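Trainee: show me how the following folds:
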Amino acid sequence: MDPLKVLIVDDNVAHGTGLAELLGLNGFVTFHASTGEEGLEVAITHSVDAVLLDIDLPDMTGREVCRLLRADDRDSKCRNRLSYR
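Mentor: Modelled structure (predicted):
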């Protein structure tokens, strides 16, 4: 079975890196984005299984990112597996 791919969207690099390391130690493949726009691009490009979102991003809120991902028809896998941190 392929490892789950998790996208961490957080403008605090230390938080994102720490979480990515923890998830990586548990067998997850992780991606990191610092802005909502970058997160949207990474989520679609890498067809991630889950997204951990910071609520307060520099360019948009985590809720906006979540709404846009759910509305995007290119990746239905991610649409139903979104989380807030």
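
Trainee: quick check: phi and psi on Asp56?
Mentor: With angles defined as degrees, to the nearest 10, Asp56 sits at phi -110, psi 90.

Trainee: number of nearby residues for the residue nearest to it when sequence neighbours are not counted?
Mentor: Computed as Cβ to Cβ, 6 or more residues apart in numbering, the closest residue to Asp56 that is not its neighbour in sequence is Gly62, at 7.4 Å. Quick note: C-beta positions are derived from backbone N, CA and C, even for glycine. Counted with other Cβ atoms under 10 Å, residues neighbouring Gly62 total 22.

Trainee: so Gly62 makes contact with Asp54?
Mentor: Yes - using Cβ atoms under 8 Å, Gly62 is in contact with Asp54, at 5.6 Å.

Trainee: all the helices of this protein, residue numbers only.
Mentor: 13-25, 36-46, 62-71, 76-79 (DSSP state H).

Trainee: run through the bridge partners of Leu7.
Mentor: When assigned by DSSP bridges, Leu7 has beta-bridge partners Phe31, Val51.

Trainee: check it and give its pLDDT.
Mentor: pLDDT for Leu7: 95.

Trainee: pretty sure it sits against Ala33.
Mentor: Yes - using Cβ under 8 Å, Leu7 is in contact with Ala33, at 6.5 Å.

Trainee: list the residues that contact both of those two?
Mentor: With contacts defined as Cβ atoms under 8 Å, 6 or more residues apart in numbering, the residues shared by Leu7 and Ala33 are Gly39, Val42.

Trainee: give me phi/psi at the residue nearest to Ser34 when sequence neighbours are not counted?
Mentor: Distances taken as Cβ to Cβ, 6+ apart place Asp11 nearest to Ser34, at 5.0 Å, with adjacent residues excluded. Dihedral pair for Asp11: phi -80, psi -10, per degrees, to the nearest 10.
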